[in-house]
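>>> Build me a structure from this.
(2 chains)
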2 protein chains.
Amino acid sequence: MSDEIVTLAHGAGGLQTRELIEKVFAKAFAGPRFTSDDAALLGLGTDKIALTTDGFVVSPAFFPGGDIGKLSVCGTVNDLSCMCARPRYLTCSFIIEEGFDMSSLEKIASSMADAAREAGAEIVAGDTKVVGRGQCQGVFITTAGVGTLEGGKTGGAFVREGDAVIVTGDVGRQGCAILIARGGYGIKADIDSDCAPLWNLVKAAIDTGEEIHAVRDATRGGLATVLSEIAEQSGLCVEIDEQAVPVDEKVKGFCGLLGLDPMYMACEGRMVIFAPKNGAEKLLRAVRATKYGAGAEIIGEVTRSLAGRVTVRTALGAKRLLAPPSGELLPRIC
Amino acid sequence: MSDEIVTLAHGAGGLQTRELIEKVFAKAFAGPRFTSDDAALLGLGTDKIALTTDGFVVSPAFFPGGDIGKLSVCGTVNDLSCMCARPRYLTCSFIIEEGFDMSSLEKIASSMADAAREAGAEIVAGDTKVVGRGQCQGVFITTAGVGTLEGGKTGGAFVREGDAVIVTGDVGRQGCAILIARGGYGIKADIDSDCAPLWNLVKAAIDTGEEIHAVRDATRGGLATVLSEIAEQSGLCVEIDEQAVPVDEKVKGFCGLLGLDPMYMACEGRMVIFAPKNGAEKLLRAVRATKYGAGAEIIGEVTRSLAGRVTVRTALGAKRLLAPPSGELLPRIC
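Down below sits the predicted model:
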């Protein structure tokens, strides 16, 4: 676009707003159902849907392995995938700071379109608001998504004693990538975010025909938060073998230097799957055969030993309780 | 809640986030389908849906006649209503500045629940992010909504020569209410926002059985923006009789003092309906019988005189062109 920065006029609802929508968003999200009306009209082929929303404020907006646009689509795609719902239609709402770079906005929109395409979903409606300088930081994106149900009912309450715990790849990458992109630690490390749309991975798991009790994406608060939530929701004990949890050597090194625990570091492309032990190997093979599942591992099991708690068996064979995440952790990681 | 302000910990995804969700949002939005999982699972009874989203950054967050919570629900309810879709399920995503008042957040959530209830819609999923002090202003809310289609297909392209133009009440209130709430003009005026959920009004119009060509809510850029968009989308001329446009005396006075034109001032509870002239009186009666439609008027008609333009017949009988809205107008009005 000829204007090089976003101005308040782009958010006023008049000619400039339409220009921004047409030249940046409608161009990136072109499709037969993308609407310039008040709402998109859609056929689903079923009346059973999953509906979700997620806001993204990650700072900085661009980081190794992704940007806020890719993240905003993957986050909502993955939330639907967690419910075994095929991501179908997405909306996106932008809150942009006056002065934001138009070319960055174009890159963000293009990342969103790519991620949606990969997930087989369509961005069909959007909204744009512009606030004055200093009234937000850069760009915030909220996505919402409609999916259609393809698997059975899953959730923390369906988890049973004897379930295996599968994590679909190495953990902690998103948190590390953001900290590195922020700089200021004097540490250079080559860690990409794991940010990815995971519907195809979940679909491969569903297609094995094996029973699946819960699928949860590890985001804010990392793997530890998911495990704590599931322990609480099921009233059972989640027992993890620390050495089985896949963590990249560079992530280990970076977290070690800063005194961070990879178990609590955000991921944006990792699912945790709870399923009966006897089908777990077949699920693992199916997940490993997908684009983002090569590093999947079985990391533990569900028992009755301590109701509502997570235990971790360390390398030395000791068992410790995993503390439920609390406090600030790392803000604006997603 | 015991904490009196929102802290970064409330946005970190751990215990405090769950506490915030349980004690503020889940309490306000309680219902059988409100989810603490990744997505809400919903049955629609049809596979034809309308999907929309809208972001709200209004400043200040509280104003005469409403607040950002009420606005965020009404905006999405009204966008669905514009497509003749019954608002069914809503999501809401909060971006909150560290230090924001917890009791204000509770008031906002309660306004959202009230507005959703009035519209017959359910809030079923949400998300909360907290950013540092100075990284956003107060609270931003993005809502998305799913509606099920109850009327025929409508839109700017369906508008025809001979259509009457109905506005469902006096215009410009939202813009004035926000300016007054901002203060700084030294003008005291007693003007409430028109902010309201309009599904019942639109449903009453549909239920007349009369043909309806387009329904559009006048928000940012006011009535003038809607008329300009419809003129452009239909390729026809929208001719308005200035004296027929309902404007409250206090709005007239306030706008007169500041040199503002009520035609361009934001509304948040007014629809503009385009429908064949022969059914217009019946539609008008039906709209007037609803809670928010008592002030409805027929304000003009669609002709072939100037393709894609809006003309206004003034009190003195002169005809002038209405300029399409451009530039900044008033930022952060919604």
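>>> Okay, now the unreliable bits of chain A?
Scanning chain A for pLDDT under 70 picks out A:1-3, A:328-329.
>>> rerun that using 90 as the cut-off
A:1-4, A:9, A:11-19, A:21-23, A:31-39, A:41-48, A:151-153, A:183-189, A:315, A:323-333 (pLDDT under 90).
>>> which other residues reach the biggest helix by length in it?
Assignment by DSSP state H gives helix A:102-119 as the longest helix of chain A. For helix A:102-119, the surrounding residues in contact (Cβ atoms under 8 Å, 6 or more residues apart in numbering or on different chains) are A:1, A:3-6, A:24-25, A:27-29, A:61-62, A:66-70, A:72-74, A:77, A:87, A:90, A:92, A:94, A:96, A:122-123, A:139, A:141, A:197, A:199-200. Placement of C-beta: from N, CA and C, glycine included.
>>> quick one: buried residues of that helix?
For helix A:102-119, the neighbour count (16 or more other Cβ atoms under 10 Å in any protein chain shown) marks A:102, A:104-113, A:115-116, A:118-119 as buried.
>>> Same question for stretch A:262-278.
Result for stretch A:262-278 [16+ other Cβ under 10 Å]: buried residues A:262-276.
>>> Tell me the one of those nearest A:Ala164?
For the buried residues of stretch A:262-278, the minimum distance to A:Ala164 (Cβ to Cβ) is 6.1 Å, reached by A:Ala275.
>>> So A:Asn278: helix, strand or coil?
A:Asn278 carries the three-state label helix when classified by DSSP: H, G, I helix; E, B strand; the rest coil.
>>> Return the distance of it relative to chain B.
A:Asn278 is 26 Å from chain B, where distance means Cβ to the nearest Cβ, to the nearest Å.
>>> burial count for A:Ser36?
16 (other Cβ atoms under 10 Å in any protein chain shown).
>>> who touches it in this structure?
With Cβ under 8 Å, 6+ apart, A:Ser36 has these contacts: A:21, A:26.
>>> Now a ChimeraX select for only the buried ones of the contacts of helix A:102-119.
Selecting only the buried entries of those in ChimeraX, with 16+ other Cβ under 10 Å as the criterion:
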select /A:1,5,6,24,25,28,29,61,62,66,67,68,69,70,72,73,74,77,87,90,92,94,96,122,123,139,141,197,199,200
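>>> need the next SSE after the longest helix of chain A, C-terminal direction.
strand A:122-131 (DSSP states H and E).
>>> So which elements touch that following strand?
strand A:40-43, strand A:85-97, helix A:102-119, strand B:48-56 (3 or more Cβ pairs under 8 Å, 6 or more residues apart in numbering or on different chains; DSSP states H and E).
>>> Identify those among the contacts of helix A:102-119 that sit within helices.
Among the contacts of helix A:102-119, the members found in helices (DSSP H) are A:27-28, A:68-70, A:72-74, A:77, A:199-200.
>>> Which residues are in contact with the residue of chain A positioned farthest from its centre?
Relative to the centre of chain A, the most outlying C-alpha is that of A:Leu15, 34.9 Å out, by Cα atoms, centre = their mean. By Cβ under 8 Å, 6+ apart, A:Leu15 lies in contact with B:324-326.
>>> Could you rerun that using 6 Å?
B:Ser326 (Cβ atoms under 6 Å, 6 or more residues apart in numbering or on different chains).
>>> One more: A:Pro64?
Counting by Cβ under 6 Å, 6+ apart, the residues that A:Pro64 touches are A:177, A:192.
>>> I'd like the distance between it and chain B.
Going from A:Pro64 to chain B by Cβ to the nearest Cβ gives 22 Å.
>>> so how far is A:Leu260 from that residue?
Distance from A:Pro64 to A:Leu260, counting by Cβ to Cβ, to the nearest Å: 17 Å.
>>> circling back to that earlier point, now the ones in helices among the contacts of helix A:102-119 in JSON lines, with distance to B:Gly221?
Below are the ones in helices among the contacts of helix A:102-119 laid out as JSON lines (distance: Cβ to Cβ, whole Å):
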{"residue": "A:Lys27", "distance to B:Gly221": "22"}
{"residue": "A:Ala28", "distance to B:Gly221": "24"}
{"residue": "A:Ile68", "distance to B:Gly221": "28"}
{"residue": "A:Gly69", "distance to B:Gly221": "27"}
{"residue": "A:Lys70", "distance to B:Gly221": "32"}
{"residue": "A:Ser72", "distance to B:Gly221": "26"}
{"residue": "A:Val73", "distance to B:Gly221": "29"}
{"residue": "A:Cys74", "distance to B:Gly221": "34"}
{"residue": "A:Val77", "distance to B:Gly221": "33"}
{"residue": "A:Trp199", "distance to B:Gly221": "38"}
{"residue": "A:Asn200", "distance to B:Gly221": "42"}
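>>> Count the neighbours of the nearest residue to A:Gly279 once chain neighbours are set aside for me.
Take A:Gly279 and drop its neighbours on the chain: the residue closest to it by Cβ to Cβ, 6 or more residues apart in numbering or on different chains is A:Glu210, 3.4 Å away. For A:Glu210, the neighbour count with other Cβ under 10 Å is 17.
>>> Am I right that A:Glu210 is in a helix?
No - under three-state DSSP, A:Glu210 sits outside any helix and is assigned coil.
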